[in-house]
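Enquirer: the following block contains a protein sequence and its predicted model.
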Amino acid sequence: MGIVIRQSIKSSIASYAGFLLGAINTLLLFPRLTDPDEFGITRVVLSIAFILAQFSEFGTSNMQSRYLSYIVDRHGDSKGMYVWYFKRVIFVFLAIITATFIFREEIIDKFQERSALIESFFFLAIPLAGSILIFNLLEAYSRARLRIVVPTILRELYIRLFILLSLVLLYLQVVDFEGFMWLFLFAYVTAFAILGAYVLYLDNGLTIPKKDYVETSVMKDMAFYGLVTIFGTTVWQLVNELDALMIGMLDSLANVAIYATALYFVTVIQLPQRYLHRVTIPLLATALNKDNREEIDHLYKKVALNEYIIGLVLFLLLWFNLDLLYFFMPEIYREGAGVVFTIGILRLYDMSTGLSGDIIIYSKHYRFTMFTGLLLLVLTISMNYLLIPIYGILGAAMATAIAVFVFNTINVILAYWKYRLLPFSPKMLWALLTAAAIFAVIHYLPMPDNLFLQSFIRSSIIVAVYLSVAYGFKFSPDLNGLASEALAVAQKWAKRKR
């Protein structure tokens, strides 16, 4: 088994374990151990920090994906490229932080009417942003060295475990909420410090090339590519962060907390999409570089179909178990149910479009991402301003749904225009009709009053019917293959037991 496969398996295990740990923090501990306003301020500060860090990266992650192989082939090493990245990113970060500091009063005033907590903890966003930024740079370098387990453990497990222990200290009254916020920051600071030590270990100490090894002509091309694609990927990643900020500005910090928990529920639907994209994007980039239309079409349709089939069953399971999930949380958080449904439907459409956005970003037509990204940003902000005052957190969900629907649809049109390819297939329609039939049956089927028994019956029907139909009618050859392998393993295990 190669190093890439071993690292991928270990990092996937760490990611799923981290998701469960995050669920404990977000869905159980935060709602019970903090006031909604206090929970909300942690989300707002983190959103501000994440936005500052993402814009400071200035398209660096995209440049790495596009130019890493070129730099390594030409110079035999990527260290020089990362030195250039680091210098560039730190310069941009300092510029952004300076602007943030200059306009801090204006930013705080946007929230001040909602809660004085913003003024108390706004300053934490700056060191938090720096920690996230440096961690991302070190993680990118570690990934280039094919070492992804330690960064994944630190990001997915260590930070969440640190926050969990900090919440325990808050519960035991060892620290007050202000002390908890400092520990919250310390979790991210220590994570990048540990990763820095790991990178030094990989390199047997600090070795910086005498020159950056990035030619001026290539440097200009990389900088332009980073600038353009920042609108295609960074803006996409910031949509939910903008929602949280705008809810804090236009509504309340308590509703930020409710919105955050609802989004975390929907993450269940997105997890398979994230891992499928992570595995497929390098293959897609290679196919695009070679202009292999057959391979692009194969990947495009296969990823969209598999994501959509998995997403539908996960959406059904989430929606019909939502009452049980909210049973463990304070009553106020039930107001997020409409957000779960709205964003859940949006994610299903997002999954059905597959790699449409990635096809544009990693192809020679990447300049279109500047326009689509700007459109997404403008739509997100304007729709939030319009809908949040009227519908509250449901308005934020509707704003995201409208903006992302338009964004994805345009990407699908662009991919068809340039490559004459579409992600949709007839089997998607059959999967949707199957899911819709199950939804209707369960919705009208009489159920016992016991929530636990309800969830068991509904989940059993969803899994048994949906998976049986999907397997029997061969919705996806890939998923059928995995199911057949699992059945074969189960049969061998049963024979051994006999």
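Expert: On my side now, so go ahead.

Enquirer: buried ones in the host helix or strand of residue 261, by neighbour count?
Expert: Element membership for residue 261 (DSSP states H and E) is helix 253-289. Buried residues in helix 253-289, counting neighbours by 16 or more other CB atoms under 10 Å, are found at 253-270, 272-273, 276-277, 280-281, 284-285, 287-288. For every residue, glycine as well, the C-beta is placed using N, CA and C.

Enquirer: list the contacts of stretch 389-401.
Expert: Identification of contacts with stretch 389-401 by CB atoms under 8 Å, 6 or more residues apart in numbering yields 239-240, 243, 246-247, 250-251, 255, 258-259, 262, 335-336, 338-339, 342-343, 345-346, 379-380, 383-384, 386-388.

Enquirer: how about that stretch: buried residues?
Expert: Here stretch 389-401 shows 392-401 as buried, counting by 16+ other CB under 10 Å.

Enquirer: tell me the mean pLDDT over stretch 481-497?
Expert: The predicted model assigns stretch 481-497 a mean pLDDT of 67.

Enquirer: ditto for stretch 365-381
Expert: On average, stretch 365-381 scores 86.

Enquirer: CA atoms only: put it into PDB for me.
Expert: Extracted C-alpha coordinates of stretch 365-381, given in PDB (Å, rounded to 0.1, in the frame of the first residue of the first chain):
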ATOM      1  CA  HIS A 365     -11.100  29.400 -19.100                       C
ATOM      2  CA  TYR A 366     -10.400  30.200 -15.400                       C
ATOM      3  CA  ARG A 367     -10.900  34.000 -16.000                       C
ATOM      4  CA  PHE A 368     -14.600  33.500 -15.900                       C
ATOM      5  CA  THR A 369     -14.300  32.700 -12.200                       C
ATOM      6  CA  MET A 370     -13.700  36.400 -11.500                       C
ATOM      7  CA  PHE A 371     -17.100  37.300 -12.900                       C
ATOM      8  CA  THR A 372     -19.000  34.400 -11.400                       C
ATOM      9  CA  GLY A 373     -17.300  34.900  -8.000                       C
ATOM     10  CA  LEU A 374     -18.100  38.600  -8.000                       C
ATOM     11  CA  LEU A 375     -21.700  37.800  -8.900                       C
ATOM     12  CA  LEU A 376     -21.900  35.300  -6.000                       C
ATOM     13  CA  LEU A 377     -20.500  37.800  -3.600                       C
ATOM     14  CA  VAL A 378     -22.900  40.600  -4.700                       C
ATOM     15  CA  LEU A 379     -25.900  38.300  -4.700                       C
ATOM     16  CA  THR A 380     -25.100  36.900  -1.300                       C
ATOM     17  CA  ILE A 381     -24.700  40.300   0.400                       C
END
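
Enquirer: before we move on, the earlier item: quick one: distance of the helix holding residue 261 to the chain centre.
Expert: Helix 253-289 has its C-alpha centroid displaced from the chain centroid by 4 Å (CA atoms, centre = their mean, to the nearest Å).

Enquirer: begin at 803 from here
Expert: New numbering, starting at 803: the last item is helix 1055-1091.

Enquirer: helix or strand with the lowest mean pLDDT in the chain?
Expert: helix 862-877 (a mean of 61; mean pLDDT, DSSP states H and E).

Enquirer: what subset of the contacts of stretch 1191-1203 is buried?
Expert: 1041-1042, 1045, 1048-1049, 1052-1053, 1057, 1060-1061, 1064, 1137-1138, 1140-1141, 1144-1145, 1147-1148, 1181-1182, 1185-1186, 1189-1190.

Enquirer: now intersect these with the helices, please.
Expert: 1041-1042, 1045, 1048-1049, 1052, 1057, 1060-1061, 1064, 1140-1141, 1144-1145, 1147-1148, 1181-1182, 1185-1186, 1189-1190 (DSSP state H).

Enquirer: show the contacting residues for the residue lying closest to residue 993 once chain neighbours are set aside.
Expert: Closest residue in space to residue 993, ignoring its immediate chain neighbours: residue 956 at 4.7 Å, by CB to CB, 6 or more residues apart in numbering. By CB under 8 Å, 6+ apart, the contact set of residue 956 is 937, 993, 996-997.

Enquirer: now with 7 Å?
Expert: Counting by CB atoms under 7 Å, 6 or more residues apart in numbering, residue 956 touches 993, 996-997.

Enquirer: which residue in those has the weakest pLDDT?
Expert: residue 997 (89).

Enquirer: wait, doesn't that residue sit right on residue 937?
Expert: Yes: if you go by CB atoms under 7 Å, residue 997 and residue 937 touch, sitting 6.0 Å apart.

Enquirer: got the residue ranges for the helices in the stretch 1103-1252 of the chain?
Expert: Counting by DSSP state H, counting those that start in this stretch, the stretch 1103-1252 of the chain has helices at residues 1124-1129, 1139-1154, 1158-1163, 1170-1193, 1195-1221, 1228-1246.

Enquirer: got the domain ranges for the protein?
Expert: 803-1016, 1037-1300 (automatic domain parsing).

Enquirer: contacting residues around the closest residue to residue 858 other than its chain neighbours?
Expert: Nearest residue to residue 858 in three dimensions, chain neighbours excluded: residue 895, at 3.8 Å (CB to CB, 6+ apart). Residue 895 sits next to 858, 932, 935 when contact means CB under 7 Å, 6+ apart.

Enquirer: ok, the last one - how many residues close by?
Expert: If I follow you right, that is residue 935. 25 (other CB atoms under 10 Å).

Enquirer: against residue 847, how distant is it?
Expert: Here residue 935 is placed at a distance of 15 Å from residue 847 (CB to CB, to the nearest Å).

Enquirer: try the first one
Expert: In this view, residue 858 and residue 847 are 16 Å apart by CB to CB.

Enquirer: below-threshold pLDDT in the stretch 1003-1152 of the chain: ranges please.
Expert: Applying pLDDT under 70 to the stretch 1003-1152 of the chain flags residues 1005-1021, 1024-1025, 1028-1029, 1031-1036, 1042.

Enquirer: go on, the stretch 1153-1300 of the chain?
Expert: Checking the stretch 1153-1300 of the chain against pLDDT under 70 turns up 1288-1300.
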